[in-house]
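K.L.:
Sequence and predicted structure, then a few things I'm wondering about:
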Amino acid sequence: MIEALEALPVQIEETLKLGDHVKAIARKYVESNGMLFFGRQFNFPIALEAALKLKEITYLFAEGHRARS
């Protein structure tokens with residue numbers, strides 16, 4: 001746990017460097033009416049959570065679905 005906390009500042013810096021990339025993705029999808037999120041196995045709950053967060057933030061249509069192999 002302590003090692004993970006000590007690594008956090010570096011991870012935050014790396015994340016903040018992605019700002020321009022995130023803006024480019026946002027510009028690409030800004031006119032979308034909704035989003036679908038797909039996840040396999042353990043990523044399925046992540047797809048559901050991503051859809052929920054998008055709904056909460058934007059009030060757009062969003063759904064998470066289980067992807068099959």
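P.N.:
On my side now, so go ahead. Residues are numbered from 1 along each chain as shown.

K.L.:
show me what contacts residue 55?
P.N.:
Contact analysis of residue 55 by Cβ atoms under 8 Å, 6 or more residues apart in numbering lists 61-62. Every residue, glycine included, has its C-beta placed from N, CA and C.

K.L.:
would you say it is within a helix?
P.N.:
Yes. Counting by DSSP: H, G, I helix; E, B strand; the rest coil, residue 55 falls inside a helix.

K.L.:
Now residue 3. Its backbone dihedrals?
P.N.:
phi -60, psi -40 (degrees, to the nearest 10).

K.L.:
what secondary structure does residue 63 sit in?
P.N.:
Assigned by three-state DSSP, the conformation of residue 63 is strand.

K.L.:
who's it bridged to?
P.N.:
Beta-bridge pairing of residue 63 under DSSP bridges involves residue 36.

K.L.:
what about it, how many neighbours?
P.N.:
For residue 63, the neighbour count with other Cβ atoms under 10 Å is 15.

K.L.:
Quick one: the helices in this protein, in order.
P.N.:
Secondary structure of the chain (DSSP state H): helices at 2-16, 19-29, 44-58.

K.L.:
residues touching residue 39, list them.
P.N.:
Under the criterion of Cβ under 8 Å, 6+ apart, the neighbours of residue 39 are 45-48, 64-67.

K.L.:
Distance of it relative to residue 58?
P.N.:
To residue 58, residue 39 is 20 Å away according to Cβ to Cβ, to the nearest Å.

K.L.:
With residue 34 instead?
P.N.:
Counting by Cβ to Cβ - residue 34 and residue 58 are separated by 9 Å.

K.L.:
Please apply the same query to residue 3.
P.N.:
Distance, residue 3 to residue 58, using Cβ to Cβ: 36 Å.

K.L.:
Equivalent analysis for residue 14, please.
P.N.:
Per Cβ to Cβ, residue 14 is found 26 Å from residue 58.
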